[in-house]
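1. pasting the structure only:
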């Protein structure tokens, strides 16, 4: 019998992950905005990746809905909405999902699974994390533009879906404790505001030393706050996070030679935050740099660099921002950094 998967949030990540599950044989229903639903209803799904893989899913192989349709039939729920929409996306499902239904959060930030659990106490809510970037280019085309897997908190409830998760072209990894992975992914996602404020594709931004210096400042500050809070992020890069902070600042030729794979992303790929700003949407800055600021407040460790990035992105959301050169953004962050002022 087919597994019925309800995907809340038919954005780039939700469609890419759900589309691969549909290709693997699941009965997938996407819930999202009319614009995206109309596009994939007409063109189907064309899922490609950085390594040359390609999967096509015809429109009759998945369902579409503006609101959750018959959620009581769902065997698995994936939550892929923006973090700010988490509560509103799941609030109405509490009395409709079957008890014990697994619900996986595939969202940025820390703690979205806690929000979901508060609203769906009868479900098995698991944290998850999509470790790659997805580029949406219209006509049903969704492209994995960087390396990565789908990471999820391990639980025996997932054993039922083992064949489905292993049977597709998308790699899933189950972790006994996902929190270190989430904190490590948040460290990487601190590049999202740098990229959004640069106005450049990811590859061009990361290839410029001053932008990487901005990222290094944000990550270094975050690691200091995490250390005070006794949080140890997982290692997701070729070197430990503390060493990566230092290596981000090396000259461009050295960085290209040593970390060429970091730059092996689609030439047009941008962060999801850059896409949100371009579309006039609110970003997830409060769940990225804002998470570091809040943690710092809890443990008495200031995070002025991350706070400045929050302020600059919020200004951009209100239409008062501008594109920053690498040197310009670096100057903004250095102006608030006690380490630089000393």
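-> Good, I have the coordinates. Just so you know, these numbers come straight off a predicted model, no measurement behind them.
2. Residue 266 contacts residue 49, doesn't it?
-> No. Counting by Cβ atoms under 8 Å, residue 266 stays clear of residue 49, with 9.7 Å between them. C-betas here are computed from N, CA, C, even on glycine.
3. Overlap of the contact sets of those two?
-> residue 143 (Cβ atoms under 8 Å, 6 or more residues apart in numbering).
4. tell me the SS of the residue nearest the centre of the chain?
-> In the chain, the centroid-proximal residue (Cα atoms, centre = their mean) is residue 108; its distance is 4.3 Å. When classified by DSSP: H, G, I helix; E, B strand; the rest coil, residue 108 comes out as coil.
5. Just the buried residues of stretch 47-55, please?
-> 47-50, 55 (16 or more other Cβ atoms under 10 Å).
6. outside of stretch 324-333, which residues touch it?
-> 194, 197-199, 208-211, 213-214, 217-218, 305, 308-309, 312.
7. How about that stretch, which residues are buried there?
-> By neighbour count on 16+ other Cβ under 10 Å, the buried set for stretch 324-333 is 324, 326, 329-330, 332-333.
8. and what of stretch 258-276?
-> Quick answer for stretch 258-276 (16+ other Cβ under 10 Å): 259, 262, 265-266, 269-276.
9. from the chain's centre, how far out does that stretch sit?
-> 13 Å (Cα atoms, centre = their mean, to the nearest Å).
10. did I read that right, residue 7 in a strand?
-> Yes. Membership of residue 7 in a strand is supported by three-state DSSP.
11. so how many other residues sit close to the closest residue to residue 33 other than its chain neighbours?
-> Closest residue in space to residue 33, ignoring its immediate chain neighbours: residue 10 at 6.9 Å, by Cβ to Cβ, 6 or more residues apart in numbering. The local packing of residue 10 (other Cβ atoms under 10 Å) involves 27 other residues.
12. just residue 311 next, same as before
-> By the measure other Cβ under 10 Å, the count of residues near residue 311 is 15.
13. where along the stretch 1-150 of the chain do the helices fall?
-> Counting by DSSP state H, counting those that start in this stretch, the segments of the stretch 1-150 of the chain that form helices are 12-23, 34-43, 86-90, 112-119.
14. what's the closest of these to residue 203?
-> Ranking those by proximity to residue 203 (Cβ to Cβ) places helix 12-23 first, at 17.5 Å.
15. check contacts around residue 128.
-> The contact partners of residue 128, taken as Cβ under 8 Å, 6+ apart, are 78, 104-107, 113, 150-153, 178.
16. Narrow those residues to those in strands?
-> Among these, the residues falling in strands (DSSP state E) are 78, 104-106, 150-153.
17. and which of these is nearest to residue 129?
-> Looking across those and measuring by Cβ to Cβ, the closest to residue 129 is residue 151, at 4.6 Å.
18. May I have the beta-bridge partners of the closest one?
-> According to DSSP bridges, the residues that bridge with residue 151 are residue 129, residue 173.
19. so who does it touch?
-> 128-131, 172-173, 175, 178, 181, 185.
20. ok, 6 Å please
-> Residues counted as contacts of residue 151 (Cβ atoms under 6 Å, 6 or more residues apart in numbering) are 129, 131, 173, 175, 181.
21. any idea which of the residues you listed has the most stuff around it?
-> Going by other Cβ under 10 Å, residue 129 tops the contacts of residue 151 with 26 neighbours.
22. So that one sits against residue 184, correct?
-> No. Contact criterion Cβ atoms under 6 Å: residue 129 and residue 184 do not qualify, at 9.1 Å.
23. Quick check: residue 234 touching residue 181?
-> Yes. Between residue 234 and residue 181 a contact is recorded at 4.7 Å, counting by Cβ under 6 Å.
24. and the gap between residue 75 and residue 270?
-> 34 Å (Cβ to Cβ, to the nearest Å).
25. can you map out the strands along the protein?
-> Under DSSP E, the chain gives strands at 4-8, 27-31, 45-49, 54-57, 62-65, 76-79, 102-106, 124-130, 134-138, 141-144, 150-153, 172-175.
26. just how off-centre is the fourth one within its chain?
-> The chain centroid and the centroid of strand 54-57 are separated by 22 Å under Cα atoms, centre = their mean.
27. Show which residues not belonging to that strand make contact with it.
-> 19, 22-23, 44-48, 169.
28. If you rank those by neighbours, which is first?
-> Once you tally neighbours by other Cβ under 10 Å, residue 19 ends up highest among these, having 29 neighbours.
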